[in-house]
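[1] next input, structure requested:
(2 chains)
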Amino acid sequence: KNEVEQSPQNLTAQEGEFITINCSYSVGISALHWLQQHPGGGIVSLFMLSSGKKKHGRLIATINIQEKHSSLHITASHPRDSAVYICAVGDYGGATNKLIFGTGTLLAVQP
Amino acid sequence: GAGVSQSPRYKVAKRGQDVALRCDPISGHVSLFWYQQALGQGPEFLTYFQNEAQLDKSGLPSDRFFAERPEGSVSTLKIQRTQQEDSAVYLCASSPRYRDYEQYFGPGTRLTVT
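    Below is the predicted model of the structure:
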């Protein structure tokens, strides 16, 4: 079983829809990251959070430490949001703060 | 300002060749990470540097993989006697602090071993 699980693996939405991507993890963490990766492109960090909720524009990320669960929400989705969204956790107690990644959620927003 | 850069962006190697992949982190960033991303998968940790010290190399898949950061800035990931299973995107990330801080990713080097 992977230490970081994401759902769904693939998601197709119509422009304007509210989107939720979920992430569950089984290890102790120091922080959780949401990342965005466009096809052929590099990875961009969207959020890093260790508690509560963060908002940036149309993106909202929440985390429940007790339940070891995080969600990424996109409001008023747009075709330019189409990308792979990756959840990653920082290794708790490790000396390196290496990230353990989920396999990603491929989001396609259709006009 | 300049972000993390990697070179080459694409590399095709014949099985058995040695390759060297370069990462230029953001200036002044203390931490540097290498990750390997196979097609359709999330990245996996390879190794970590804090300045010039390689503190964690637990993710290197075999002794054919070697990484260095001799002056605490530029890093090179070397793969000897490449195998087809080494085909992947190799990502470099840097971070300004030691722990619990955002990592900034480079565009990656796509390695194809034929």
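[2] count the neighbours of whatever residue of chain A ends up closest to chain B for me.
    Across chain A, no residue is closer to chain B than residue A:101, which sits at 3.5 Å (CB to the nearest CB). Every residue, glycine included, has its C-beta placed from N, CA and C. Using other CB atoms under 10 Å in any protein chain shown, residue A:101 has 24 neighbouring residues.
[3] tell me the SS of the closest residue to it other than its chain neighbours?
    Closest residue in space to residue A:101, ignoring its immediate chain neighbours: residue B:42 at 3.5 Å, by CB to CB, 6 or more residues apart in numbering or on different chains. Three-state secondary structure (criterion: DSSP: H, G, I helix; E, B strand; the rest coil) places residue B:42 in coil.
[4] which residues touch residue B:42?
    A:4, A:86, A:88, A:101-104 (CB atoms under 8 Å, 6 or more residues apart in numbering or on different chains).
[5] quickly list what the residue of chain A closest to chain B is bridged to.
    When bridges are assigned using DSSP bridges, the partners listed for residue A:101 are residue A:88.
[6] close enough to count as contact, it and residue B:33?
    No. Here residue A:101 lies out of contact with residue B:33, judged by CB atoms under 8 Å, at a distance of 11.6 Å.
[7] before we move on, the earlier item: would you list the contacts of residue B:42 in CSV and tack on pLDDT and distance to residue A:63?
    Output for the contacts of residue B:42, formatted as CSV (pLDDT from 0 to 100; distance: CB to CB, whole Å):
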residue, pLDDT, distance to residue A:63
A:4, 94, 13
A:86, 96, 15
A:88, 94, 13
A:101, 93, 16
A:102, 94, 14
A:103, 91, 19
A:104, 93, 18
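[8] just the residues you listed now: which is nearest residue B:57?
    residue A:101 (18.2 Å; CB to CB).
[9] list the contacts of that closest one.
    Contacts here follow CB under 8 Å, 6+ apart; on that basis residue A:101 touches A:4, A:86-88, B:35, B:42-44.
[10] related to what we said a few turns ago, could you tell me what pLDDT the model assigned to the residue nearest to residue A:101?
    As summarised for this prediction, residue B:42 has a pLDDT of 89.
[11] and for residue B:72?
    The model reports residue B:72 with a pLDDT of 92.
[12] tell me who's in contact with it.
    Residue B:72 makes contact with B:49, B:51-52, according to CB under 8 Å, 6+ apart.
[13] in a strand, it, correct?
    No. Using three-state DSSP, the assignment for residue B:72 is coil, not a strand.
[14] what about chain B, any weak spots by pLDDT?
    Using pLDDT under 70 as the threshold, the predicted model of chain B has low-confidence ranges B:1, B:99-100.
[15] at the geometric centre of it, which residue do we find?
    Nearest to the centroid of the C-alpha atoms of chain B, with distances taken as CA atoms, centre = their mean, sits residue B:34, at 3.4 Å.
[16] show me the contacts for residue 75.
    Using chain A here. By CB under 8 Å, 6+ apart, the neighbours of residue A:75 are A:18, A:58-60.
[17] meant chain B actually
    With contacts defined as CB under 8 Å, 6+ apart, residue B:75 is in contact with B:22-23, B:25, B:32, B:34, B:49, B:67-69, B:92.
[18] which SS state does residue A:2 fall under?
    Classified using three-state DSSP, residue A:2 is coil.
[19] what about the closest residue to chain A within chain B, distance to residue A:52?
    Minimum separation of chain B from chain A (CB to the nearest CB) falls at residue B:42, amounting to 3.5 Å. Distance of residue B:42 to residue A:52, computed by CB to CB, to the nearest Å: 25 Å.
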